[in-house]
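>>> Prediction below, plus the sequence it came from.
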Amino acid sequence: MKKEVKFEKKHIEWLYVLLVIGALAVGGAAIFVLPQQSYSEAENRYLTKLPRISAWGIFSGEVQRDLTEAASDQFPARDQWMQTATTSQYLLYHREINGVYVGKDRYLFDKVLNSDLSEKNYRTNLGYVTALKTITDADVSVMLIPSPGTVMTEELPTRAVLYDPEPYETLGEQLCEADSVRWIQTKDALERADRNNFDDIYFHTDHHWTTNGAYVGAATYLKTQDTQIAEQERFDVQTVSDSFYGTLYSKVAGLPGVRADELELPQTLPENLVIESDSAPADALSADGEKAMPTLAGIYDLTKLEMKDKYAVYFGGNYGKITIKNPEAEGKGSLLIIKDSYANSMVPYLLDHYEQITMIDLRYYNESVPELAAEGWDEVLVCYEMSNFIKDRNLFKLIR
Amino acid sequence: MVFSSMIFLCVFLPIVLIVYFVLPKQSRNLWLLLASLFFYAWGEPRYILIMLFSTVFDYCNGRAIEYAMAKGKHDTMGRAVLVLSVAGNLGILCFFKYTDFALETVNRLAGTQFGLLQLALPIGISFYTFQTMSYTIDVYRGETPAQHNIISFGMYVCLFPQLIAGPIVRYKEVQKEVDGRKTTISGAVHGLQRFLIGLAKKVLLANQIGALWDYIKGLGSADMSTALAWLGAVAFTFQIYFDFSGYSDMAIGLGEMFGFHFPENFDHPYESKSITEFWRRWHITLSTWFREYLYIPLGGNRKGVARQIINLLIVWFLTGLWHGAGWNFILWGLYYFVLLVLEKFVLRPVLERLPSVIQHLYTLFFVVVGWVIFACDDLGLLGSYLKAMFGIGVPAGNALALYEWDVQALFLVILLIAATTIPVRIAKQLTREEQRSPLLMVYTGVLLALSLAFLVSGSYNPFLYFRF
């Protein structure tokens, strides 16, 4: 009897060792046997593939480095493993994953703190903007859209901290008005819209504002130009995708319980728009991670709705320079927008009021901005998300 | 290669283990040697030459000392070879680890412009040079016979489990097992479980809390407060313990699977009631090494108090320097020298009469401050960080501190418990003897799954932190 018990224990021990080592070995074999993945939708990044073996590569250690990375990038059921990791972090009461706050109702926010921002860089950037005023006779405005978390404070995790936008607002207003540049504050209007509106003004899973936020932005801007925007109903805003998982979602690597955003687009737009761009959108990727060819027929590129970054539906992504002409608005003036991607969703609401709108994105625009700015614009608008503007390192191009 | 990588866990380890157990006993040392060389060459193929040189050099030295002793020339030729061996090992270590540090110091003090070598530090060099030195010294002392089989000796020097982060295994401790060892399935199970627990310590605890330290260390003065500085210091205190002791667990566990019994390296050091006790329970094999091969030969405490203090100063200066070529490490060593001397000659009688809670707090306070010195290799950062910890120039608390303490509280409690003997004691209370083995199997299985999850997702985690 006693002997039998001992025998059983040994069996269990063998089973345990074989199971653990066997499972590891199967996982290891799968790395090499399963088809290689080149792109991770969930994380929105390229994956390392198994390297080509070469004598020099081994000697320099490059092959080993790539193999080490590939072993984890090509590991079977990668997305499920990542979900397990983020879920356990969440259960540990961590409300921050990879620099993203997981707020109430799984609202996601970029964690930007005071010490991530430099007042010096902010002053420098505003200096470049006010310098524009000396080149152009146009009406120059600066509109910095509040970071989502600074408006949706109720949705942040309990006690979570973000940078304080107040000093930047005050300083911005001061510096702009000293140089006759218009400072446009959108925070109050956005907060009002957030309180009174059923719809979200910022996405839950993406760092952008929604079409509703963009409408408030457009209305605020137009008001400073003594123009009244039409009621939002007039634009016939329709949901075009209910499965939008944005950039912030990529950073929390598939945290369960995060609901997809709805992406809505205003459908009633001026007809016969003419669109001219300098090249393909600089940062747009197609599903297989290759550079996309321009396919723009209207201001929306609906093929982007099939892809991961659905916000690129506006114009198909960010261009160095893109011009939209509206023949119906002849004689209504021209607008030059110097911007980040926040402006893309606002432009549809501005189309009725300008004969020509040109957007330039300084990350990708490498021609002379002073020359462009001197071309006789009626209005120039600098429109960025606030923390993005404070950190931006490309605004020097405004005076180059 | 590091243990906490998919390539080690899923490719290297299964292959090495399976082949090891398929091979006949007499080929196993050769297999372990080859596997270890491969393991070492993975990161920096060129530096394998240094290790091969070390191996051959000390193999010959061992044989030469043995020959000298047989010929009755222990004190002449034997001693000469020993000096050669120690000088050779220290020479390699100093050349790769300290040349640039010395040149920089000279440049700064004398205003010279010596070019730096900019050599990458060969992985584990601090560990294996100490191991090979222990071998020739012990042969010289007649405490162990010289190894005649160069493959067996090479396997001892290069053995991958403890190669890169200890424990520092002295040759005489494993000499019998180098020549012949027994592997059992129970030993393999025990070793595997030990390995998995170590892996979990490293991946689930150290890496996660390490991210917090990295993040707080990097905060600008606009967001800093005393409460945050302490949270960061506590985070690093946990990180270094779970990282290092996790690595030791993995090494000891791997060794056990192959039939070795390596010495323990950590014994719940944060439970200590004095700094002296802390150093008896932290990185035990290093302290043992310094005691056996430096402190005692210097005369230890046998030559009067003044000499003892000088001996301690030498030992702790070198202990600090051993941890890294930087002034903060020297400072850290001297910090412990001062604390230990104070404790030995002044504080001990006072301390022992205090309630044990106070003794624990006293120890932890100085250990945590010590880790800040250890962690800040930039003296500017060290200064500003220590100032923040003691409330100079920053507010006592701020909203960010409140938030971070709040979200980290649960994890900190888990870390604190995991660093003590409480889990083992609870497990013993709650379970019966015969339940423990299957429960431990399930438990380590879950730990492995979680560790894999964090390793896979860590491949895009910018905070992933490898110390060794």
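Structure's in. What do you need?

>>> per-residue confidence averaged over the helix or strand residue A:195 falls within?
Using DSSP states H and E, the element containing residue A:195 is helix A:187-196. Per-residue pLDDT over helix A:187-196 has a mean of 91.

>>> Show residues contacting it.
A:145-146, A:150-152, A:165, A:169, A:201, A:212-213, A:216-217, A:219-220 (C-beta atoms under 8 Å, 6 or more residues apart in numbering or on different chains). (Each C-beta comes from the backbone N, C-alpha and C, glycine too.)

>>> Where does pLDDT dip in chain A?
A:1-7, A:279-297 (pLDDT under 70).

>>> Could you look up the SS state of the residue nearest the centre of it?
Nearest to the geometric centre of chain A sits residue A:207, at 4.9 Å (C-alpha atoms, centre = their mean). At residue A:207 the chain is in coil, as set by DSSP: H, G, I helix; E, B strand; the rest coil.

>>> mind checking how far it is from residue A:313?
Going from residue A:207 to residue A:313 by C-beta to C-beta, to the nearest Å gives 16 Å.

>>> And residue A:152, by the same measure?
For residue A:152 relative to residue A:313 (C-beta to C-beta), the value is 23 Å.

>>> Domain-wise, how is chain A divided?
A:2-78, A:104-398 (automatic domain parsing).

>>> Distance from the chain centre to the last one, please.
Relative to the chain's own centre, domain A:104-398 is displaced by 10 Å; criterion: C-alpha atoms, centre = their mean, to the nearest Å.

>>> ok, now the first one?
With C-alpha atoms, centre = their mean as the basis, domain A:2-78 stands 34 Å off its chain's centre.

>>> contacting residues around the closest residue in space to residue A:271 that isn't next to it in sequence?
In space, residue A:271 comes closest to residue A:328 once its chain neighbours are excluded; the distance is 7.0 Å by C-beta to C-beta, 6 or more residues apart in numbering or on different chains. Shown in contact with residue A:328 (C-beta under 8 Å, 6+ apart): A:270-272, A:352.

>>> Over to residue A:101?
By C-beta under 8 Å, 6+ apart, residue A:101 lies in contact with A:95, A:108-111, A:149, A:156-157, A:160.

>>> Chain B next: which of those are close?
A:95, A:157, A:160 (C-beta under 8 Å from any C-beta of the partner chain).

>>> Excluding chain neighbours, what is closest to the second one?
To tie it back to what came earlier, the one meant is residue A:157. Counting by C-beta to C-beta, 6+ apart, the residue nearest residue A:157 is residue A:95, at 3.7 Å.

>>> In this structure the one you found contacts residue A:160, no?
Yes - counting by C-beta atoms under 8 Å, residue A:160 is a contact partner of residue A:95 at 6.7 Å.

>>> quick one: the closest residue to chain B within the stretch 101-250 of chain A from residue B:381, how far?
The minimum distance from the stretch 101-250 of chain A to chain B, using C-beta to the nearest C-beta, falls at residue A:115 (2.7 Å). To residue B:381, residue A:115 is 14 Å away according to C-beta to C-beta.

>>> Overlap of the contact sets of residue A:95 and residue A:160?
Common neighbours of residue A:95 and residue A:160, using C-beta under 8 Å, 6+ apart, are A:101, A:103.

>>> quick revisit: pull out the buried members of the contacts of residue A:328.
Neighbour counting by 16 or more other C-beta atoms under 10 Å in any protein chain shown classes A:270, A:352 among these as buried.

>>> Hmm, residue A:381 is touching residue A:336, no?
Yes - counting by C-beta under 8 Å, residue A:381 touches residue A:336, with 7.3 Å between them.

>>> Run through the residues of the stretch 251-400 of chain A sitting next to chain B.
Proximity of the stretch 251-400 of chain A to chain B (C-beta under 8 Å from any C-beta) is limited to residues residue A:253.

>>> any residue of stretch B:181-198 up close to chain A?
Yes - using C-beta under 8 Å from any C-beta, stretch B:181-198 reaches chain A at B:185-186, B:188-189, B:192, B:196.

>>> Just the buried subset of those residues, please.
By 16+ other C-beta under 10 Å, the residues of stretch B:181-198 next to chain A give B:185, B:188-189, B:192, B:196 as buried.

>>> Out of those residues, which is nearest to residue A:304?
residue B:196 (45.1 Å; C-beta to C-beta).

>>> Quick one: classify the closest one as helix, strand or coil.
Residue B:196 - assigned by three-state DSSP - is helix.
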